[in-house]
Every structure is written in C-alpha cells, then in structure tokens.
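K.L.:
Predicted model and sequence follow; I will ask about them next.
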Amino acid sequence: MGKDTTIMANKANGRRLFERMVIRQIQRTTWLIDARRLHALVYAPSMKTDVLVVGAGPVGLEVAATASAKGLDVQVVDAGVIGQTIMSQFPTATRFFSSPERLEIAGIAMPCSAEEKPTGEDYLGYLRSVVQTLHLPVRTFERVVDCRGQAGSFEVDTQNQVGLIRTWRTKHVVLATGGTQHSRTLGVQGEDLGHVSRLLGNPHRFFGRNVLVVGGRNSAIESALRIFRAGGKAWLSYRGEAIHERVKYWLRPEVEALMEEGKIVNRLSTLVQRITPECVDLLHTSTGKVESLVVDDVLLQLGFEQDSSILKRFGVDVDSDTQQPTFNRDTMESNVPGVYVAGTATAGTQKRFKVYIETSHVHASRIVAAMTGNDVPQTPQPRLLPES
Ligand SMILES: Cc1cc2nc3c(=O)[nH]c(=O)nc-3n(C[C@H](O)[C@H](O)[C@H](O)COP(=O)(O)OP(=O)(O)OC[C@H]3O[C@@H](n4cnc5c(N)ncnc54)[C@H](O)[C@@H]3O)c2cc1C
C-alpha cells in the first residue's frame, strides 16, 4: 500500500476519533444538551472522496483495497456492519463451502483452525483484520439514501442511525450492495405469525420443539440437520419428490439416512397451503390429501431476493423480472457513467448461485482498471461450485 493511501486512511480515522472526542468532551461539561444535538454539531455534514464504495461486504472491501492500492482516495459506507449479510444470514457456526484461499481478499492470507473451511464468525474476524491491516476507511451504520449529479461529480447522501444526513462528493460510485436483501415468501396465509421465521439463527432455540422446515436446498437441509442435533424434532416439507440435486455432497447422505430412520420427518412432495397459530396445512401433491400438522415453529428456507431500489435510485436500469442491473462486463460500469456495480449486486435475484465471493474477485480489478484508464486484466473464468 502506498504512503499516500496510509495517510488518507489515517486522516479519515483521525476525523472520526476527533468527532467522538469532541462529543465526549462537550458532554462532560454541558450535560444539559441532548446527545443527538451534540452529535449534529460536530458531525461532518459533507465529505469528499474519489471513490465511494457502497457496501462493506467482502466484495465492497476488495474493491476498496484494490482502489486504495492504486493510490485512489476511497471511502466505504455501509448501512450496517462490515460483512452485514454474513453476520445476519449465516446461522451460528456455519461453514463456508468455499475453501479459505478462495475467499481471501486483497492477497491477505486467512488462517484457519484445523485447516478447515471458515465459519461465518471466522470470516467476519478475517474481514475486520483486512480493514485494520490495510487501514481501509469504512463508515458503518451509514446508509446511502439519495444521490445526484453525474460522472466526475456525484453527490451521495447517507443517513446514520440517529437520522443525521451526510453528503459525500465523489467522482465514482461503486454499488456493492449485495443481492440477498429479502427472504422469499410462500404467499400463503399466516406467514407473518410470530412462530414463523426465515433465518435459522442459533439452533439452540429449537431444543424440545417440533419444527416444520420448508425448503429442499442447502439452507433447509442444513437447518433440519442442526435442529435435529440441537434436540428439536424437524419435519421437512418440500415440493420436490426428493431433496434438491445440488444439496452439498457432505449433507445429502446424512439427511437421507435420518429421513429413512424417521429422525427427520419426511414430508417431501408437499405444499404449504396455510399456517395458523394451531397448525400448518400441507397438501400432499401425489394424493391430493391435506394434512394438518401441529408444530411449534415454522422455518421458511426458500432463498433470497434482491432489493434493487438503491440501484434504481442511482439511475441504473434493472431487469424487471430478475432485478439484474445493466452493466459492461469488462469494466463493471453500469448504464450510468461513473457508477459501477460489484459482487452479488450484479446478479439480481439468483435462482442458481453463480455470483458469490469466489466468483466476484475479478470485479475489483476490472473496476479499478476502468477508473484508472488501465487495461482490464485478463482473468480466467472462475469455476462454479457444483453445490452452489
Ligand atoms: C449460509 C451461506 C453460505 C455461503 N457460503 C458461501 C461460500 O461458501 N462461498 C462464497 O463465495 N459465498 C458464500 N455465500 C455467499 C456470500 O455470503 C455472498 O456472496 C457475499 O456476502 C456477497 O458479498 P457482497 O460483498 O457482494 O455483498 P454483501 O455481503 O451482501 O454486502 C452488501 C453490503 O451492502 C450494504 N448495503 C446495502 N444497501 C446499502 C445502502 N443503501 N447503503 C449502504 N450500505 C448498503 C449491506 O449492509 C451489506 O453489508 C454464502 C451465503 C450464505 C447465506
């Protein structure tokens, strides 16, 4: 990393420390002024940078690291934390299916205990260390809410948790905002009841409970197995006659064996018709019969959809069906000059996952080459994982 980049990163960190120090100091002496007004007094309402990266997921951070290494002044903002998607969507202690070297960013090695694939928690620790090691200027809990201008002079508004607005002036914008914002729904009555959830979270909560897991792909199968191991009784409802063909090869034999033994209760070839506080009505598609199942919890594991509203706000065209943005694959520049897309944000709602961390490393070098006017590096086509 260049000396200039380090100085820029230190300046941004210095500014943040300064803001906090001033707030603390004033609070000590003038306890009558409320904290929110104090914050507003010292919160910098406008900031400048060459490149504003929206999204501090792995791909946004990789773009920032690559741009920074090329001497560009870069800032990253995120509506949540670093790796927000991984923190919120990975169940506790879930391992990546990618091996660590394929998840590494900016050439920083990821140590892994017992040479295993990393868990979500391991990876979040790794992302923190990348940010610290490279002094990447990341502002968490700063959501992009609006934008104006054109290539070379954009104004981007962000809003923090207490509602304060900051305007960023920037030459380029990179939208690395992810593609899995919303959980898919079934579209049946009762989906919003209190005992229906969409994320496994910590499986401990299902101890001693009857849980209907809906879905037949990796997340559903992993959830059913973990609920069983956490002392819950899992019922698996899926519309297919068998679990999905791309279920991870290390999960399939185990779940099939447990279903055969009745330890995970097989409700393949069924469709959820409605959910009530008392039961779930399942239609058996082969017989046409409806079964009312009494369970304590319902866990919908149906995959995710992209929320493309932020892309649209920047004027990026998105496909009305898939939500995929329009962009040039060589440069990752969208139909709006100066606005680039990266990572899962480029793929819209994915039926089969083809764009993920492993396959998105190339985005960073393409974007930075386009911004700096260098040749786009020739990179081999990343491999697709069979279980993705
Ligand atoms: C259980 C599970 C297992 C997985 N295993 C693998 C694997 O083995 N290998 C692999 O390569 N991938 C895997 N993935 C997928 C991987 O997590 C995603 O591909 C990756 O997180 C995408 O990175 P990203 O940077 O493109 O987007 P994200 O990580 O989704 O980051 C987007 C960021 O943008 C922020 N953001 C969104 N809107 C705004 C806004 N308006 N203003 C500011 N910030 C905003 C969000 O808060 C978020 O932090 C897995 C996912 C799951 C759920």
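P.N.:
Here it is on my side, so go on. Residues are numbered from 1 along each chain as shown.
K.L.:
Residue numbers of the stretch 1-150 of the chain in contact with the ligand?
P.N.:
When proximity is defined by Cβ under 6 Å from any ligand atom, the stretch 1-150 of the chain lies next to the ligand at 54-60, 77-80, 84-86, 89-90, 94, 96-98, 143-144. Using the backbone N, CA and C atoms, a C-beta is placed for each residue, glycine as well.
K.L.:
So which of those residues sit within strands?
P.N.:
When DSSP state E is applied, these are split such that Val54, Val77, Arg143, Val144 fall in strands.
K.L.:
Report the buried members of the residues you listed.
P.N.:
Val54, Val77, Val144 (16 or more other Cβ atoms under 10 Å).
K.L.:
what sits against the last one?
P.N.:
Residues in contact with Val144, defined by Cβ atoms under 8 Å, 6 or more residues apart in numbering, are Val54, Val77, Ala79, Val156, Asp157, Thr158, Ile310.
K.L.:
ok, 10 Å please
P.N.:
Neighbouring residues of Val144 by Cβ atoms under 10 Å, 6 or more residues apart in numbering: 52, 54-55, 77-79, 156-159, 168, 173, 175, 177, 310, 313-314.
K.L.:
How about it: which residues does it bridge to?
P.N.:
As for beta bridges, Val144 partners with Thr158 under DSSP bridges.
K.L.:
Which pLDDT value belongs to the one residue in the stretch 251-388 of the chain that gets nearest to the ligand?
P.N.:
Residue of the stretch 251-388 of the chain nearest the ligand, by Cβ to the nearest ligand atom: Gly343 (2.2 Å). pLDDT, Gly343: 98.
K.L.:
In ChimeraX, select just the buried ones from the contacts of Val144.
P.N.:
To isolate the buried members of the contacts of Val144 in ChimeraX, using 16+ other Cβ under 10 Å:
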select :52,54,55,77,78,79,156,158,159,168,173,175,177,310,314
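K.L.:
Which residue ranges of the stretch 251-388 of the chain form helices?
P.N.:
252-260, 309-313, 357-372 (DSSP state H, counting those that start in this stretch).
K.L.:
Then the stretch 1-150 of the chain?
P.N.:
For the stretch 1-150 of the chain, applying DSSP H, counting those that start in this stretch gives helices covering 3-29, 35-42, 58-69, 84-89, 100-103, 120-134.
K.L.:
How far does the third one sit from its chain's centre?
P.N.:
Just to be clear, that refers to helix 58-69. Put simply, helix 58-69 sits 16 Å off its chain's centre (Cα atoms, centre = their mean, to the nearest Å).
K.L.:
Which strands or helices does it pack on?
P.N.:
helix 3-29, strand 46-54, strand 74-77, helix 120-134, strand 138-139, strand 165-175, helix 357-372 (3 or more Cβ pairs under 10 Å, 6 or more residues apart in numbering; DSSP states H and E).
K.L.:
which one of those lies closest to Ala347?
P.N.:
helix 357-372 (9.2 Å; Cβ to Cβ).
K.L.:
Who are the packing partners of that closest one?
P.N.:
strand 46-54, helix 58-69, helix 100-103, strand 165-175, strand 339-341.
K.L.:
I'd like those written out as a markdown table, with distance to Gly125 added.
P.N.:
Listed next are those as a markdown table, based on distance: least, Cβ to Cβ, whole Å:
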| stretch | distance to Gly125 |
| --- | --- |
| strand 46-54 | 21 |
| helix 58-69 | 13 |
| helix 100-103 | 12 |
| strand 165-175 | 24 |
| strand 339-341 | 27 |
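K.L.:
Out of these, which is closest to Arg246?
P.N.:
helix 100-103 (18.0 Å).
K.L.:
what pLDDT does Arg226 get?
P.N.:
97.
K.L.:
Could you tell me which residues make contact with it?
P.N.:
So Arg226 contacts Pro91, Thr92, Ala93, Thr94, Leu200, Asn202, Pro203, His204, Phe206, Val213, Gly232, Ala234 (Cβ under 10 Å, 6+ apart).
K.L.:
Throw those residues into JSON lines and include pLDDT, thanks.
P.N.:
JSON lines is the format used below for these (pLDDT from 0 to 100):
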{"residue": "Pro91", "pLDDT": "93"}
{"residue": "Thr92", "pLDDT": "92"}
{"residue": "Ala93", "pLDDT": "92"}
{"residue": "Thr94", "pLDDT": "92"}
{"residue": "Leu200", "pLDDT": "97"}
{"residue": "Asn202", "pLDDT": "95"}
{"residue": "Pro203", "pLDDT": "97"}
{"residue": "His204", "pLDDT": "97"}
{"residue": "Phe206", "pLDDT": "98"}
{"residue": "Val213", "pLDDT": "98"}
{"residue": "Gly232", "pLDDT": "98"}
{"residue": "Ala234", "pLDDT": "98"}
